[in-house]
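Participant: Predicted model and sequence below, questions to follow.
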Amino acid sequence: MISMMYLVYTALLALNVSVEILAGYSLVDGTLRKSISIADARNIALKDEFTALAGQNPTKTKEWKAKADLVAAKSDSLYNYINTIKRNIIILVDGDEADLKNLLVSEEKRGNLDIAGQVGVIGCNVKGQKFPPAGKELREKVIAYSEFMKSVVSDTAKRSSIENTFKIEDRKREGEIIKWETTVFDGMPAVAALTVLSKIQNDIRNSEAEVIQHLIAQIDAGDFRVNKIQALVIPDSKYLIRGGKYHAQIVLAATDSTRPLEIEVGGKQIANGVYEFGCGTTGKFDYKGVIKMTKPSGEVVPYEFKSDYTVGEPSATISADMMNVFYAGISNPLSVSVPGVASRDVSISISNARQVQTAKGWNITPIKVGVESVVTVSAMMNGKSMVVAKKSFRVKALPPPLAKVEYTNAQGIKEKYKGGTAIAKNLLVTADRIIAELDDADLDVKYKVLSFSLNSFDSMGNTLVEMAQGSDLTPRQKSIFSKMTKGKNVYISNVQAIGPDGIRRTLPPVEVKIK
């Protein structure tokens, strides 16, 4: 455009425009028209290519296709506006003989020096329609178009090329500033003005092609280059149980063996994409990290990831069928595990009992003696709860406890005497209370002694009964123990006790003998 302006300026210096110069303008204009036709054909091909790419991958091309469509629309708008200016010049020059199809001025009148200035600088009336000066509006539109086209491309060289192509500069002549639009239109031969306008149109079409080519290149610009593709199967779990469902993702993994990935887990870099560690603590754990990939442009793109794993104790479930018993009236501890399933994903339901979940499992309290309790175990697998096992338990009443005398041995340790054998007097006199407990050490059941009697005999063989409320020995009962002699015996009888099942029981008597 700058060289064309020099050509225009040279023409303005001539008082009489020669036929040769006018013919030269016509020749240049014809060359520009051919160039525009070639650019139009190229732009049509580029738009067809974009349409084909959008059909293959609409999501990937959506952003760039939208920009390309906007570039084409902006280019057409400015191009057509210039055609309007050309049309007005040709109509005013040639009148009814105007070649509006080809927008060419006749040879006889192409040297007209007045019409271009009217259209571009003063304003004109064409077939009854008034038009403001076109030069100023053309200036603004070219500047806006240049800024828009630069905003679409990211390449610095291309942005600079667009800026130089559509650069609008005023000129100085003898200390006076001559506006760009004056230089283009005022006093210019009609053919010269038309040639300058054709030059701008040619620049529009060539810039349009360049920018659309740039946008097509951007579709794959952010893609990573790969040279290795392999199939991978990623299962949710390789451990399954009958009735479960196998679930795996089958994918193609594409990598670049010439450019190793940078992988970090918990802020620490790992090698070869292998993350392994020892599992010394049970429970559920989370971890996260980032994979950093470098684009061909040198830009590093981070991809964050996170996952979790569960560590359980090594275990085996061993049960004896004859021992499948729940005792009524107490909380029976129950542990349930499903291999390959985290404890948080295991649940139970039970008949003829109440259940309470604890940190270690469940406490089961049967309701009715003699009716089986059936435990149903369910596990959450693949997002769905499935029944994995059922087991029946007999429900029995608690066995009756035994009454025992609690005393303190020589080492200060509490011990229990349940009668039947002789006990040293020095131990018996340390007794403070009567307790009730089961002989079965596997059942940790607490009983409360409500009352009891101590039966002794006088010298006449009469039975003396000393009553106590609660579990503590009374002073008189302790006095009886202290007066006992070797070979003598007393009985602790009518022991009343109550357990966690709320049943009041009378316990068998305890015979106390002195060594």
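Facilitator: Yep, it's here.
Participant: starting at the chain centroid, how far to the particular helix or strand that has residue 480 in it?
Facilitator: For residue 480, the host element (DSSP states H and E) is helix 475-483. Remark: helix 475-483 is offset 78 Å from the chain centroid, using Cα atoms, centre = their mean, to the nearest Å.
Participant: Name the residues of that helix that come out as buried.
Facilitator: 477-478, 480-481 (16 or more other Cβ atoms under 10 Å). Heads up, the C-betas are built off the backbone N, CA and C, glycines and all.
Participant: nearest residue to residue 400 other than its sequence neighbours?
Facilitator: Leaving aside its chain neighbours, residue 400 sits nearest to residue 505 (5.7 Å; criterion: Cβ to Cβ, 6 or more residues apart in numbering).
Participant: what pairs with the helix or strand just after the helix holding residue 480, and is each one parallel or antiparallel?
Facilitator: Following helix 475-483 in sequence order, the next helix or strand is strand 489-498 (DSSP H and E). When pairing is defined by DSSP bridges, strand 489-498 lines up against strand 448-457 (antiparallel), strand 504-507 (antiparallel), strand 510-514 (antiparallel).
Participant: now for those, which one comes closest to residue 122?
Facilitator: Proximity to residue 122 (Cβ to Cβ) singles out strand 448-457 among these, at 118.1 Å.
Participant: In a markdown table, list the strands paired with strand 489-498 along with mean pLDDT and mean neighbour count.
Facilitator: A markdown table is the format used below for those (pLDDT from 0 to 100; neighbours: other Cβ atoms under 10 Å):
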| stretch | mean pLDDT | mean neighbour count |
| --- | --- | --- |
| strand 448-457 | 94 | 18 |
| strand 504-507 | 93 | 15 |
| strand 510-514 | 93 | 19 |
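Participant: residue ranges with poor pLDDT in the stretch 1-150 of the chain?
Facilitator: Filtered on pLDDT under 70, the stretch 1-150 of the chain yields the residue ranges 1-17.
Participant: Just give me the neighbour total for residue 335.
Facilitator: 11 (other Cβ atoms under 10 Å).
Participant: how near is it to residue 349?
Facilitator: With distances taken as Cβ to Cβ, to the nearest Å, residue 335 is found 16 Å from residue 349.
Participant: Run through the neighbouring helices and strands of the helix or strand hosting residue 145.
Facilitator: Element membership of residue 145, judged by DSSP H and E, is helix 134-152. If contacts are counted by 3 or more Cβ pairs under 8 Å, 6 or more residues apart in numbering; DSSP states H and E, helix 134-152 sits against helix 58-94, helix 156-165, helix 180-185, helix 190-219.
Participant: Show residues contacting the next helix or strand after the longest one.
Facilitator: Same thing as helix 58-94. Of the helices and strands lying after helix 58-94 in sequence (DSSP H and E), the nearest is helix 115-117. For helix 115-117, the external contacting residues (Cβ atoms under 8 Å, 6 or more residues apart in numbering) are 89, 92-93, 124, 185-190, 192-193.
Participant: How about residues contacting the helix holding residue 145?
Facilitator: 67, 70-71, 74-75, 78, 81-82, 84-85, 88, 119-121, 159, 162-163, 165-168, 179-182, 184-185, 200, 204, 207, 211, 214-215.
Participant: ok, now with 6 Å
Facilitator: Residues outside helix 134-152 that contact it (Cβ atoms under 6 Å, 6 or more residues apart in numbering): 67, 74, 78, 85, 119-121, 159, 162, 166, 168, 180-181, 185, 207, 211.
Participant: start to end distance for stretch 408-416?
Facilitator: End-to-end distance of stretch 408-416 (Cα to Cα, to the nearest Å): 9 Å.
Participant: from here on, count from 40
Facilitator: Sure, I'll start counting at 40 from here, so that last one is stretch 447-455.
Participant: That stretch - what's its average pLDDT?
Facilitator: Throughout stretch 447-455, pLDDT has a mean value of 92.
Participant: Can you say which of the contacts of helix 173-191 are buried?
Facilitator: 106, 113, 117, 124, 158-160, 198, 201, 205, 219-220, 224, 246, 250.
Participant: Looking at the contacts of helix 173-191, which is nearest residue 435?
Facilitator: residue 106 (81.2 Å).
Participant: For residue 258, see how far away that closest one is.
Facilitator: From residue 106 across to residue 258, the span is 11 Å (Cβ to Cβ).
Participant: JSON lines for the strands paired with strand 528-537, including distance to residue 425?
Facilitator: Below are the strands paired with strand 528-537 laid out as JSON lines (distance: least, Cβ to Cβ, whole Å):
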{"stretch": "strand 487-496", "distance to residue 425": "45"}
{"stretch": "strand 543-546", "distance to residue 425": "44"}
{"stretch": "strand 549-553", "distance to residue 425": "54"}
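Participant: where does the residue sitting furthest away from the middle of the chain land on pLDDT?
Facilitator: Centroid-distance maximum for the chain: residue 499 at 92.8 Å, with Cα atoms, centre = their mean. Per-residue pLDDT puts residue 499 at 83.
Participant: quick one: secondary structure of it?
Facilitator: What DSSP: H, G, I helix; E, B strand; the rest coil gives for residue 499 is coil.
Participant: now residue 311
Facilitator: Using three-state DSSP, the secondary structure recorded for residue 311 is coil.
Participant: what about it, how many residues close to it?
Facilitator: Residue 311, neighbours per other Cβ under 10 Å, totals 8.
Participant: For residue 447, see how far away it is.
Facilitator: On the measure of Cβ to Cβ, residue 311 and residue 447 end up 68 Å apart.
Participant: From residue 273, how far off is residue 342?
Facilitator: In terms of Cβ to Cβ, residue 342 sits 16 Å off from residue 273.
Participant: do residue 547 as well
Facilitator: 67 Å.
Participant: same check, this time on residue 64
Facilitator: Relative to residue 273, residue 64 is positioned 71 Å away (Cβ to Cβ).
Participant: Also residue 219?
Facilitator: Residue 219 sits 65 Å away from residue 273, going by Cβ to Cβ.
Participant: what's near enough to touch the residue lying closest to residue 531 once chain neighbours are set aside?
Facilitator: Among residues not flanking residue 531 along the chain, residue 549 sits closest, at 4.3 Å (Cβ to Cβ, 6+ apart). Neighbour list for residue 549: 442, 458, 531 [criterion: Cβ under 6 Å, 6+ apart].
Participant: got the residue ranges for the strands in the stretch 340-489 of the chain?
Facilitator: 364-366, 371-373, 385-389, 392-396, 401-405, 412-420, 423-435, 441-447, 453-456, 461-462, 472-476, 487-496 (DSSP state E, counting those that start in this stretch).
Participant: And what about the residue nearest to residue 128 when sequence neighbours are not counted, helix, strand or coil?
Facilitator: Nearest non-adjacent residue to residue 128, counting by Cβ to Cβ, 6+ apart: residue 158, 5.2 Å away. Assigned by three-state DSSP, the conformation of residue 158 is helix.
Participant: Kindly report the same for residue 75.
Facilitator: Following three-state DSSP, residue 75 is assigned to helix.
Participant: follow-up on the earlier one: out of the strands paired with strand 528-537, the one nearest residue 392 is which?
Facilitator: Of the strands paired with strand 528-537, nearest to residue 392 by Cβ to Cβ is strand 543-546, at 22.7 Å.
Participant: residues in contact with that closest one?
Facilitator: Residues contacting strand 543-546 (Cβ under 6 Å, 6+ apart): 439, 442, 475, 534, 536-537.
Participant: Can you say which of those residues are buried?
Facilitator: Once neighbours are counted (16+ other Cβ under 10 Å), the buried part of the contacts of strand 543-546 comes down to 439, 442, 475, 534, 536.
Participant: Let me have those in a markdown table, extended by pLDDT.
Facilitator: Shown next, in a markdown table, are the buried ones among the contacts of strand 543-546 (pLDDT from 0 to 100):
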| residue | pLDDT |
| --- | --- |
| 439 | 86 |
| 442 | 94 |
| 475 | 94 |
| 534 | 96 |
| 536 | 95 |
